[in-house]
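K.L.:
dropping the sequence and predicted coords here.
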Amino acid sequence: MSRSAAITRARAGAEKIWAGTVTIHPNAKTGAHHHGPVESVIYVVKGRARMRWGETLEYTAEAGPGDFIYVPPYVPHQEINASRDQPLECVLLRSGQEPVVVNLDIAPREPPEEVKWIDPIHKA
């Protein structure tokens, strides 16, 4: 995974947000973690994102180009590139400047419960 900062305190004088890009390599995933009090918004530019979340990572949803993912404070989650051969490219926005990552030792429940991505744009 690689991150590039775009909007930070040092680069733009931002005080309450951080924004940048992230690329997740094919078939890669993070470990289970949360970001403390920080809220995150992920916008998928290219590729297929799979997000797992919950106390035992029991839920999963996928997102593609043009989709947004919201990660609330303190929610255990795992980011996954759902493609075995294409990178996942995203824009990331966080509600804080500090890179808070609290790694968690969670034994994931298998298989996770699928949660349909339904909103006014994505019908059931």
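P.N.:
Yes, it's here. Numbers count the residues shown, from 1 in each chain.
K.L.:
which parts of the protein are strands?
P.N.:
Ranges of strands in the chain, per DSSP state E, are 2-7, 18-24, 33-34, 40-46, 49-53, 59-63, 68-71, 77-81, 88-94, 102-103, 113-114.
K.L.:
in a markdown table: those, plus mean neighbour count.
P.N.:
(C-beta placed from N, C-alpha, C; glycine too.) Below are the strands of the chain laid out as a markdown table (neighbours: other Cβ atoms under 10 Å):
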| stretch | mean neighbour count |
| --- | --- |
| strand 2-7 | 12 |
| strand 18-24 | 18 |
| strand 33-34 | 18 |
| strand 40-46 | 17 |
| strand 49-53 | 22 |
| strand 59-63 | 18 |
| strand 68-71 | 16 |
| strand 77-81 | 22 |
| strand 88-94 | 20 |
| strand 102-103 | 10 |
| strand 113-114 | 11 |
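K.L.:
mean pLDDT for these - can I get that in a markdown table?
P.N.:
A markdown table is the format used below for the strands of the chain (pLDDT from 0 to 100):
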| stretch | mean pLDDT |
| --- | --- |
| strand 2-7 | 90 |
| strand 18-24 | 95 |
| strand 33-34 | 94 |
| strand 40-46 | 97 |
| strand 49-53 | 95 |
| strand 59-63 | 94 |
| strand 68-71 | 96 |
| strand 77-81 | 94 |
| strand 88-94 | 97 |
| strand 102-103 | 88 |
| strand 113-114 | 58 |
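K.L.:
leaving out chain neighbours, which residue sits closest to residue 21?
P.N.:
Using Cβ to Cβ, 6 or more residues apart in numbering and skipping residues adjacent in sequence, the residue nearest residue 21 is residue 4, 4.9 Å away.
K.L.:
what's the answer for residue 66, then?
P.N.:
Leaving aside its chain neighbours, residue 66 sits nearest to residue 44 (6.9 Å; criterion: Cβ to Cβ, 6+ apart).
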